[in-house]
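Chemist: 3D model of this:
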Amino acid sequence: KGKTVEVGRAHFETEKRRYTILDAPGHKNYVPNMISGAAQADVGILVVSSKKGEFEAGVDGGQTIEHARLAKMIGIKHLIVLVNKMDEPSVNWSKERYDEITEKITGHLKKCGFNPKKDFQFVPGSGYTSANIKETVSKELCPWNTGVSLIETLDLLPQFERNESGALRVPIIDSFKDRGIVHVMGKVESGNITIGQQVYIMPGRTKVEVLSLSNETCNFKTGRTGENLRIGLKGIDDEQIRQGSILSEIVRQVPVVTEIEAIIVLIDLPKDKQLFTADYEAMFHAHTGVED
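Modeler: Predicted coordinates:
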């Protein structure tokens, strides 16, 4: 009750940029869903509660730091830490409480591999009252704040490098049928995709035609690198598509392999599986794909 299970999706625009929000679940039982959602993101917004007791519970044995660590491993380049519930009576926009939280989170993020000079920043705010979310919080309410709002912070981030000249790659996170047309959801990681284009769904090499491109609020003729899109397809049934399949250019198709070489870093082991030996069963994540 009250928990996000699947990855929620929404879109909004500012005068400077177009954004896709991927609301990943925070509960420990749904970490695999969180990984699949975060794999499509450029920026992570780590929401921490400033309320006394809630912050400590989230950091000490909670999911806050695990999510930051996973975000780094997945390849998220930048984090914005939203220190939420600053309006809560026990906090009341206290600079001392804010500084205490930022100091603790900074230490943890450094251990995760984030550089405090360029990889993350903090924003105080209140989701309940929307203070410092869209518009910068007033000096009357928070006289010590020298930064800008959450949305303005996003707008000020530098552009990320995109491989627009690369081969088309769209890892699929979801598929469904709507009015007889099969649609897939995914982020264009490289290349561009256009209506009428013939592409493969890999690894099965199923040839399909692109019928439509949209973000559920706008329709496009071309989808550029970095866009999270809903893509209508012709030539396949939704039951033939698995999460983790890839829309690929036909000429420069994605290679298919049965083995990989990997460097494995052990951070923690489940209490019921404290030995890491041959035949150890684990869950494997690659972009949006998940294999038991």
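
Chemist: hey, let's count contacts and neighbours off CA atoms from now on
Modeler: Noted.

Chemist: Remind me which helix or strand E66 belongs to.
Modeler: Here E66 sits within helix 64-74, counting by DSSP states H and E.

Chemist: CA atoms only for that helix, dumped as CSV, please.
Modeler: C-alpha atoms of helix 64-74 as CSV (Å, rounded to 0.1, in the frame of the first residue of the first chain):
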residue,chain,number,x,y,z
THR,A,64,18.8,5.2,0.1
ILE,A,65,22.5,4.3,-0.3
GLU,A,66,21.8,1.1,-2.2
HIS,A,67,19.9,3.0,-4.8
ALA,A,68,22.8,5.6,-5.1
ARG,A,69,25.3,2.7,-5.5
LEU,A,70,23.2,1.0,-8.1
ALA,A,71,22.7,4.3,-10.0
LYS,A,72,26.5,4.7,-10.2
MET,A,73,26.9,1.1,-11.4
ILE,A,74,24.2,1.4,-14.0
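
Chemist: which residues pair with the closest residue to M202 other than its chain neighbours across the strands?
Modeler: Excluding the flanking residues, the one nearest M202 by C-alpha to C-alpha, 6 or more residues apart in numbering is I246, at 5.1 Å. Residues in a beta bridge with I246, per DSSP bridges, are P171, M202.

Chemist: what about I246, distance to V59?
Modeler: 35 Å (C-alpha to C-alpha, to the nearest Å).

Chemist: what does V184 give?
Modeler: From V184 across to V59, the span is 36 Å (C-alpha to C-alpha).

Chemist: Neighbour count: the two, which is higher?
Modeler: With neighbours defined as other C-alpha atoms under 10 Å, V184 and V59 compare such that V184 has more, 23 against 17.

Chemist: Okay, and the more buried one sits in which element?
Modeler: Using DSSP H and E, V184 falls within strand 181-187.

Chemist: likewise F276?
Modeler: Element membership for F276 (DSSP H and E) is empty, with no helix or strand holding it.

Chemist: Just give the number of residues close to it.
Modeler: Other residues close to F276 by other C-alpha under 10 Å number 10.

Chemist: How confident is the prediction for it, by pLDDT?
Modeler: Predicted confidence (pLDDT) for F276: 80.

Chemist: What are the neighbouring residues in contact with it?
Modeler: With contacts defined as C-alpha atoms under 8 Å, 6 or more residues apart in numbering, F276 has no neighbours.

Chemist: Equivalent analysis for the one 10 residues further on, please.
Modeler: Contacts of A286 were listed using C-alpha under 8 Å, 6+ apart, and they are G244.

Chemist: Specify the beta-bridge partners of it.
Modeler: Following DSSP bridges, A286 is listed with bridge partners G289.

Chemist: gap between it and I35?
Modeler: Taking C-alpha to C-alpha as the measure, A286 falls 9 Å from I35.

Chemist: anything in contact with each of these two?
Modeler: In contact with both A286 and I35: no residue, using C-alpha under 8 Å, 6+ apart.

Chemist: Excluding sequence neighbours, find me the nearest residue to N215.
Modeler: L229 (5.0 Å).

Chemist: Make sure that neighbour is indeed in a strand.
Modeler: Yes. Counting by DSSP: H, G, I helix; E, B strand; the rest coil, L229 is located in a strand.

Chemist: about what we covered before: outside of the helix holding E66, which residues touch it?
Modeler: With contact meaning C-alpha under 8 Å, 6+ apart, helix 64-74 is reached by 26, 35, 38-39, 44, 46, 48, 58-59, 108-109, 112-114, 287.

Chemist: Distance of the residue nearest the centre of the chain relative to V188?
Modeler: Centroid-nearest residue in the chain, with C-alpha atoms, centre = their mean: A38, separated by 2.6 Å. Distance, A38 to V188, using C-alpha to C-alpha: 14 Å.

Chemist: Then K77?
Modeler: The gap separating K77 from V188 is 17 Å, by C-alpha to C-alpha.

Chemist: In this protein, spot the helix with the most residues.
Modeler: helix 95-112 (DSSP state H).

Chemist: buried residues in it?
Modeler: The neighbour-count check on helix 95-112 (16 or more other C-alpha atoms under 10 Å) flags 95, 97-98, 101-102, 105-106, 108-109, 112 as buried.

Chemist: Could you dump the residues you listed into TSV with pLDDT and distance to A278 added?
Modeler: As requested, the buried residues of helix 95-112 are arranged in TSV below (pLDDT from 0 to 100; distance: C-alpha to C-alpha, whole Å):
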residue	pLDDT	distance to A278
K95	96	51
R97	96	47
Y98	97	46
I101	96	41
T102	96	41
I105	95	36
T106	95	37
H108	91	32
L109	93	32
C112	87	27
